[in-house]
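**Student:** I'd like to go over a predicted model; first the sequence, then the structure.
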Amino acid sequence: MTNALVVYDSLTGNTAEVGAFIAEALGCEHKHVHKITPEDLKMKELVVLGTYVHAFAPSSEIIRIVAGLKEGQKVAFFSTYSIWGGSRAIKVLEEEARVKALIVLGSYTQRVLKPFFDVDGLRSRQFGEMLLQKLDREGW
C-alpha cells in the first residue's frame, strides 16, 4: 500500500469509477472531494486528483484542492470527458500545479460516452501502476 490518496469529483460516476481503478493499482483509498478533510491530504506522499470535464474545464472543487496543497507536494491528474475537453482540463490543472510549485508525476485522460465508450479499467490501472513505478524509481 502506498502513502497516496485518490480524490475525485464526479457527476455521473465515470470519474469515480476511473479513480477506483487507479486507487486499486496504487493500493490506496479513493474519496469524493466532498468527503476529504485537509488532514487527509497533509500526510500523503502522492495525491491523485480526478475531475469530470464541463465546458473544457476541470471541476472548481478539484482546482480548490490543488490551490490548497503545499509546495513540493507530488500530484497526478486524471480527467473523464464525453466529447472533448479532457486534455484542456488537464492543462488547466497542470498550470495550477506549476504556479504552486507542485511535482506532477503524470496525467491521464479518458473518454467515456456510454454505451459507446465505457470506462477502460485496464488503462486506468496502468496509469496507477506507472505512478507506482515513478515513485519507486525516484526513491520516493
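**Tutor:** Thanks, I have the structure now. Numbering: from 1, shown residues only.
**Student:** In contact with residue 49, which residues?
**Tutor:** By Cβ atoms under 8 Å, 6 or more residues apart in numbering, the contact set of residue 49 is 6-8, 62, 65-66, 75-78, 93. (Each C-beta comes from the backbone N, C-alpha and C, glycine too.)
**Student:** Flag every buried residue along the helix or strand containing it.
**Tutor:** When elements are assigned from DSSP states H and E, residue 49 belongs to strand 46-54. Using 16 or more other Cβ atoms under 10 Å as the test for burial, strand 46-54 gives 46-53.
**Student:** now do stretch 32-41
**Tutor:** The neighbour-count check on stretch 32-41 (16+ other Cβ under 10 Å) flags 33, 36, 41 as buried.
**Student:** Which of these fall within helices?
**Tutor:** Members of these lying in helices (criterion: DSSP state H): residue 41.
**Student:** of all the buried residues of stretch 32-41, which comes closest to residue 58?
**Tutor:** Nearest to residue 58 out of these is residue 33 (Cβ to Cβ; 11.1 Å).
**Student:** Is it correct that that closest one is in contact with residue 9?
**Tutor:** Yes: counting by Cβ atoms under 8 Å, residue 9 is a contact partner of residue 33 at 4.5 Å.
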